[in-house]
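Participant: based on what follows, work out the 3D shape:
(one chain, ligands or ions: 1)
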Amino acid sequence: MKPYALWILLSIVASLVVAAIDIWLGLFIEELVEDATGGLAISMEDTFSLLAVLTVAGAAASYATKYALTRFSASALRDIRRDLVSHLERAEVSALESRHSGDLVSRLTNDAMVIQNFFKMHFANLFYMPVVFVSALTVLLLTNWKLVVFSLLLLPVAILITSVLIFPMNKMSEQLQKHLGSANAIAQDTLGGIPMLKAFNMFRAMSGKYRAAMGLVLKTSLQVEKRRALIAPVSLLLLSSPIIFSVTYGGYLIREGELTAGGMILFLYLLNFLMQPLSMAPILSAQVQEVKGAAKRLFEILELPLEPSGRGELALRNEGPPLVLDGVSFSYGGTSNVLSDISFELPHRQTVALVGPSGSGKSTILKLICGFYGMEVNADGTAVMPNAASDGSGQADASAAADEGNAGEARPRLSGTIRVLGHPLAEWDPLSLRDRLSLVSQDTYLFPVSVADNIGYGRPGASREQVLEAARAAGAHEFIMELPDGYETLLGERGARLSGGQRQRIAIARAMLKRAPILLLDEATSALDTQSEALVQEALERIMQDSTVLVVAHRLSTIKDADLVLVLQDGEIVERGTHDGLLERNGLYKKLYLKQFAPGAADDKETAERGPQHVRRETALETQLG
Ligand SMILES: Nc1ncnc2c1ncn2[C@@H]1O[C@H](COP(=O)(O)OP(=O)(O)OP(=O)(O)O)[C@@H](O)[C@H]1O
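Facilitator: The predicted model follows:
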């Protein structure tokens, strides 16, 4: 609140000044009428000057209120959005995966806007209205209390009806924002997958889903608007009944000599200021309910569990292998473990390849090393050391731990130890851990910015020369130069204007620019055309040279070049060794290999030397192997 205190204070003070001037004007008009009827009229000059001063002062105070509130609401909203985005940056991957990005976007835009509009348009009224109400009521009671009581006869009934009408507004607005979030999510899915939807003729189904979601939005917003429309006549009743009552009864009191003409004019003038807050109260109250709903949805983002903040910058230990997994078991939160008792070491400048059937847990190992899952947080934001939760054997049961979960929610749990560059995962701050890792994932994510920026994201602050060097090394320079604006060509969403192979080479260039000590590579399973495949293969070979690499391998050449091949099945390492060593054993690897490469498999050398025209076939076969 502190940074905005000045603007809030200014808006409060200015709105109080407006209220004081409004009341004062009423008193002045009364005096004017009384003097005129008593033959003691104030001069026209004096009247004009005083009214001019009051009007200008009122206008200045109104301007100050509006300006201060706009300043406050816009900067508060900017800061709220900034906090939300930085919270999202540190939020746990599993927590984010359980939400739709479209819903999150809706919260950051629609809900935040509801709050901003409230502050801009109604916040000052929270101060202005009570002050003007109490002042007007006091003066009115002093003028003629009987007239006040008579005028406000219908008020309690109106307040009761209004409260009943307003009560469900909070729930309704919350529902409306929720439906809006779902509709946004469907719209995002539809727009993000246009080629696929068209190819599968699914557009009609998706637009049907969107229509249904928008139908709900319409239904709920009609409910909200119907309520608002009901509240409006009640407000009108509030506004008009006292005027009818006071004019009727006031006329009688004047005839009886209990009220002067000036008093009657003052009464009618101030009644306006009494009724304004009363008629605004239902609307304000409905707005407050809406803001409460929107704030709740925004705060839900701030309640997403955070990744641990680690123990600050770590001194890197050069002794020992850069990556060690020791008895690692993992569950995404379900009843069974996705990984069980995984142990291996990745020495400096060596390559370990993970192979195994689809779903055997290969990508999960890479994600765990990136610290995406299973790091529990202490109250101080540091990570709970995984073994601390174990039973003394140093091996907590991941699935059992997952079931215990936080507040009944099954959360991913990791047991065993993962050491990256000499430090257990729990000691790392996730951000600095990821600075030490280059991940090239299966689905290359490109951003709708220039090619140069897409590569440059690998190392913020990298020079143009470094970007070009990385692109050349990844075999991407030539095709980039053929794009309409070369490195400045803007890529469509997710790199829509590039081929699959080109996208992969840009992702490899990004990783090359990063030059992190450990390279995590999830080879794409999608088959590319022969030429692209050969180019991607060359780029991969270059990036893997002299690097410490853990690779989920789908290409035979990658597997052959690896210093160690780990064969996974159902989350367990069932075999380990080199490609040749594994072939000599009659295990799963041999079985898979023979199944995929049977006729030509005998001559490995020949396979390796067959060149680009054979790459496509190999990849397709290896896809089945991995
Ligand atoms: N985010 C997730 N939440 C829950 N379960 C998941 C999640 N990601 C993967 N899984 C499950 O974990 C298991 C291992 O998945 P993983 O992606 O690690 O396999 P993989 O060996 O890399 O498969 P592929 O070769 O097909 O990419 C699968 O059963 C999968 O359904």
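
Participant: and the lengthiest helix in the chain, what's its mean pLDDT?
Facilitator: If you go by DSSP state H, the chain has its longest helix at helix 203-255. Taken as a whole, helix 203-255 has a mean pLDDT of 83.

Participant: now for that helix, which elements pack on it?
Facilitator: helix 125-151, helix 155-166, helix 169-192, helix 261-302 (3 or more Cβ pairs under 8 Å, 6 or more residues apart in numbering; DSSP states H and E). Where C-beta positions appear, they are placed from N, C-alpha and C, glycine not excepted.

Participant: so where is the stretch 251-400 of the chain shaky, pLDDT-wise?
Facilitator: 310-319, 374-400 (pLDDT under 70).

Participant: quick check: residues of it near the ligand?
Facilitator: Residues of the stretch 251-400 of the chain lying near the ligand by Cβ under 6 Å from any ligand atom: 332, 338, 356, 358-364.

Participant: next, the angle from the longest helix of the chain to helix 155-166.
Facilitator: 180 degrees (axes from the mean of the first three to the mean of the last three Cα atoms, to 10 degrees).

Participant: what segments of this protein are strands?
Facilitator: Counting by DSSP state E, the chain has strands at residues 323-331, 339-346, 351-355, 413-420, 423-424, 437-440, 518-522, 548-552, 564-569, 572-577.

Participant: chain neighbours aside, what residue packs nearest to residue 58?
Facilitator: residue 21 (4.4 Å; Cβ to Cβ, 6 or more residues apart in numbering).

Participant: list the contacts for the one you found?
Facilitator: Residues near residue 21 by Cβ atoms under 8 Å, 6 or more residues apart in numbering: 54, 57-58, 61.

Participant: go through those residues and name the one nearest the ligand.
Facilitator: residue 61 (56.5 Å; Cβ to the nearest ligand atom).

Participant: with mean neighbour count as new columns, can the strands of the chain be given to me in a markdown table?
Facilitator: Formatted as a markdown table, these follow (neighbours: other Cβ atoms under 10 Å):
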| stretch | mean neighbour count |
| --- | --- |
| strand 323-331 | 23 |
| strand 339-346 | 19 |
| strand 351-355 | 26 |
| strand 413-420 | 23 |
| strand 423-424 | 17 |
| strand 437-440 | 22 |
| strand 518-522 | 22 |
| strand 548-552 | 25 |
| strand 564-569 | 22 |
| strand 572-577 | 17 |
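
Participant: closest one to residue 128 among the ones you listed?
Facilitator: Across these, residue 128 has its closest neighbour in strand 413-420 (53.9 Å, Cβ to Cβ).

Participant: that older thread, looking at the helices and strands packed on helix 203-255, which is nearest to residue 559?
Facilitator: helix 169-192 (33.7 Å).

Participant: how big is the angle separating that closest one from helix 203-255?
Facilitator: Using the same axes, to 10 degrees: helix 169-192 against helix 203-255 is 150 degrees.

Participant: quick one: mean pLDDT over helix 169-192.
Facilitator: pLDDT averaged over helix 169-192 gives 81.

Participant: contact partners for residue 92?
Facilitator: 304-307, 373, 375.

Participant: how many neighbours does residue 580 have?
Facilitator: 10 (other Cβ atoms under 10 Å).

Participant: and the helices in the stretch 351-500 of the chain?
Facilitator: For the stretch 351-500 of the chain, applying DSSP state H, counting those that start in this stretch gives helices covering 362-369, 398-404, 430-435, 451-456, 464-473, 477-482, 500-514.

Participant: swap in the stretch 501-626 of the chain?
Facilitator: Using DSSP H, counting those that start in this stretch, helices in the stretch 501-626 of the chain cover 530-544, 556-561, 579-584, 588-597, 604-609, 612-625.

Participant: which non-adjacent residue is nearest the residue nearest the centre of the chain?
Facilitator: Note on the chain: the residue nearest the mean C-alpha position is residue 104, at 4.3 Å, using Cα atoms, centre = their mean. Once flanking residues are discounted, residue 104 sits nearest to residue 301: 6.8 Å by Cβ to Cβ, 6+ apart.

Participant: contacts only, for the closest residue to residue 300 other than its chain neighbours.
Facilitator: Excluding the flanking residues, the one nearest residue 300 by Cβ to Cβ, 6+ apart is residue 107, at 7.7 Å. Neighbour list for residue 107: 84, 177, 181, 297-298, 300-301 [criterion: Cβ under 8 Å, 6+ apart].

Participant: nearest to residue 418, of these?
Facilitator: residue 301 (28.7 Å).

Participant: how many neighbours does that closest one have?
Facilitator: 21.

Participant: check residue 464 too.
Facilitator: Count around residue 464 with other Cβ under 10 Å applied: 10.

Participant: ok, now which ones touch it?
Facilitator: Taking Cβ under 8 Å, 6+ apart, one finds residue 452 in contact with residue 464.

Participant: domains of the chain?
Facilitator: 2-302, 313-436+516-626, 443-514 (automatic domain parsing).

Participant: residues near the residue in the stretch 1-150 of the chain that the ligand sits nearest to, how many?
Facilitator: When distances are taken as Cβ to the nearest ligand atom, the stretch 1-150 of the chain reaches nearest to the ligand at residue 97, 5.4 Å away. Per other Cβ under 10 Å, the neighbour tally for residue 97 reads 12.

Participant: going forward, begin numbering at 58 instead of 1
Facilitator: Sounds good: first residue 58 from here, last item residue 154.

Participant: get me the contact residues on this structure for the ligand.
Facilitator: Going by Cβ under 6 Å from any ligand atom, the residues of the chain near the ligand are 154, 389, 395, 413, 415-421, 683.

Participant: and residue 404, what does it touch?
Facilitator: With Cβ under 8 Å, 6+ apart, residue 404 has these contacts: 378-379, 605, 620.

Participant: if you set the cut-off to 7 Å instead, what comes out?
Facilitator: residue 378 (Cβ atoms under 7 Å, 6 or more residues apart in numbering).

Participant: and for residue 137?
Facilitator: Applying Cβ under 7 Å, 6+ apart, the residues near residue 137 are 169, 355.

Participant: for residue 639, same thing?
Facilitator: 622, 624, 632, 646-647.

Participant: excluding its backbone neighbours, what's nearest it?
Facilitator: residue 646 (4.1 Å).

Participant: any idea how far the one you found lies from residue 417?
Facilitator: For residue 646, the distance to residue 417 equals 12 Å [Cβ to Cβ, to the nearest Å].

Participant: contacts only, for residue 145.
Facilitator: Counting by Cβ under 7 Å, 6+ apart, the residues that residue 145 touches are residue 358.

Participant: now with 8 Å, please.
Facilitator: Neighbours of residue 145 in contact, by Cβ under 8 Å, 6+ apart: 153, 161, 358, 361.

Participant: same check on residue 245?
Facilitator: Residue 245 neighbours (Cβ under 8 Å, 6+ apart): 157-159, 162.

Participant: which member of the residues you listed is positioned nearest residue 207?
Facilitator: Using Cβ to Cβ, the contacts of residue 245 come closest to residue 207 at residue 162, 54.7 Å.

Participant: I figured that closest one hits residue 240, correct?
Facilitator: No. Look at residue 162 against residue 240 with Cβ atoms under 8 Å: they stay out of range, at 11.6 Å.
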